[in-house]
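S.K.: give me a model of this one.
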Amino acid sequence: MNITQCYLCGHKKFHQREGSVRDNPELRIYECRECGLVFLSSFDHVADGFYEGSGMHADAPLDIASWIKETEKDDARRYEFIKPLLPGCSLLDFGCGTGNFLLKMTGDAALVHGVEPEKRLGTHFEEHGLTVFPGLADIPPDSKYDLITMFHVLEHLPDPIKTLIHIKRLIKKTGRLVIEVPNAADALLTLYNSVAFSRFTYWSCHLYLFNAQTLETLCSNAGFQVEYIQQVQRYPLSNHLYWLAKEAPGGHFHWNFLDSEKLNAEYAATLGRLGRCDTIVAGFSLAD
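M.R.: I've put the predicted structure just below:
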């Protein structure tokens, strides 16, 4: 079933963004003319059991070690970001992947739980002593958490407001929600207009892309109030230059001789002022 109106504001006029969905060329990428929400033309491919049955990874073997190595830098950054909140904290990471982030919390937080639908990870969680629920509905109804995190999850959900309302019931009155999503205003998409990067970043599991405004509106509609929204640049200048020159990822490995801590900090700060970083991190509390 094709999308006929914007999920966020109900507007029925959108324009098509340039680019194609790399693993499903029949899909189109739309942007609402009213609120700016970016979304796919249909969600029919994400049926019940899609994520539980490895829909994001298709038939690829489950290489947990490589998965952990791939996410280690982000897991460490996120850990340092929320570390001040951890003493005495009960934490739930929704969409915890391999649980590498959860393992970093163990010993700092009072209680650490995760939610991950990927069934093939069950044995891995048991081996590492992690409490991970397959879905929100599997969490005991009387559970309450001081902090719930969602890192690159919201853009995969067909009905994110419904999920956020469920999450709201799991947060203590003084609790917090931290969300990280790809930025729909990413410089490679909206400033440099990289066709190759567009083909790379638009895929069928990214049902939505949010900018700072649409993310705040979405969470407000679910009963949250924003405390902060930050621009975060995960990839350095070398990566962007490589995309523009070679039309391929991996520039931060192949051209890392271009990088320096000062240069990348200045570049990230400039993109942040423009609202064009590749990632948005936002914190929310329960609305009064």
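
S.K.: where do the helices sit along the protein?
M.R.: Assigned by DSSP state H, the helices in the chain fall at 64-82, 100-105, 122-127, 160-168, 187-190, 195-201, 212-221, 237-246, 251-254, 261-274.

S.K.: of all those helices, which lies closest to residue 51?
M.R.: Relative to residue 51, the nearest member of the helices of the chain by CB to CB is helix 160-168, separated by 12.2 Å. C-beta: built from backbone N, CA, C; applies to glycine.

S.K.: what's the angle between that closest one and helix 212-221?
M.R.: Orientation of helix 160-168 against helix 212-221 (axes from the mean of the first three to the mean of the last three CA atoms, to 10 degrees) gives an angle of 60 degrees.

S.K.: may I see the buried residues of helix 160-168?
M.R.: Neighbour counts using 16 or more other CB atoms under 10 Å place 160, 163-164, 167-168 of helix 160-168 among the buried residues.

S.K.: closest one to residue 39 among the helices of the chain?
M.R.: Nearest to residue 39 among the helices of the chain is helix 212-221; the distance by CB to CB comes to 9.9 Å.

S.K.: and that closest one, what does it pack onto?
M.R.: In terms of contacts (3 or more CB pairs under 8 Å, 6 or more residues apart in numbering; DSSP states H and E), helix 212-221 is packed against helix 160-168, strand 171-182, strand 224-232, strand 279-286.

S.K.: can you list the buried residues in that helix?
M.R.: Residues 212-219 are the ones in helix 212-221 that count as buried (16+ other CB under 10 Å).

S.K.: who's in contact with residue 285?
M.R.: Residue 285 is in contact with 174-177, 224-225, 227, counting by CB atoms under 8 Å, 6 or more residues apart in numbering.

S.K.: before we move on, the earlier item: which of the helices of the chain is buried the deepest?
M.R.: Burial of these is given as mean neighbour count (mean count of other CB atoms under 10 Å); helix 100-105 ranks first at a mean of 22.

S.K.: turn the helices of the chain into CSV, including distance to residue 141.
M.R.: Putting the helices of the chain into CSV (distance: least, CB to CB, whole Å) gives the following:
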stretch, distance to residue 141
helix 64-82, 25
helix 100-105, 22
helix 122-127, 22
helix 160-168, 11
helix 187-190, 41
helix 195-201, 37
helix 212-221, 23
helix 237-246, 44
helix 251-254, 44
helix 261-274, 40
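
S.K.: out of the ones you listed, flag the one nearest residue 94.
M.R.: Between residue 94 and the helices of the chain, the shortest gap by CB to CB is with helix 160-168, which sits at 6.8 Å.

S.K.: which helices and strands does that closest one pack with?
M.R.: Judged by 3+ CB pairs under 8 Å, 6+ apart, the packing partners of helix 160-168 are helix 212-221.

S.K.: dump the helix it packs on to PDB, restricted to CA.
M.R.: The C-alpha trace of helix 212-221 is given here as PDB (Å, rounded to 0.1, in the frame of the first residue of the first chain):
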ATOM      1  CA  ALA A 212      15.900  18.100  14.300                       C
ATOM      2  CA  GLN A 213      12.500  19.600  13.900                       C
ATOM      3  CA  THR A 214      10.700  16.500  12.800                       C
ATOM      4  CA  LEU A 215      12.300  14.400  15.500                       C
ATOM      5  CA  GLU A 216      11.100  16.900  18.200                       C
ATOM      6  CA  THR A 217       7.600  17.000  16.700                       C
ATOM      7  CA  LEU A 218       7.400  13.300  16.600                       C
ATOM      8  CA  CYS A 219       8.400  12.900  20.300                       C
ATOM      9  CA  SER A 220       6.100  15.800  21.300                       C
ATOM     10  CA  ASN A 221       3.200  14.000  19.700                       C
END
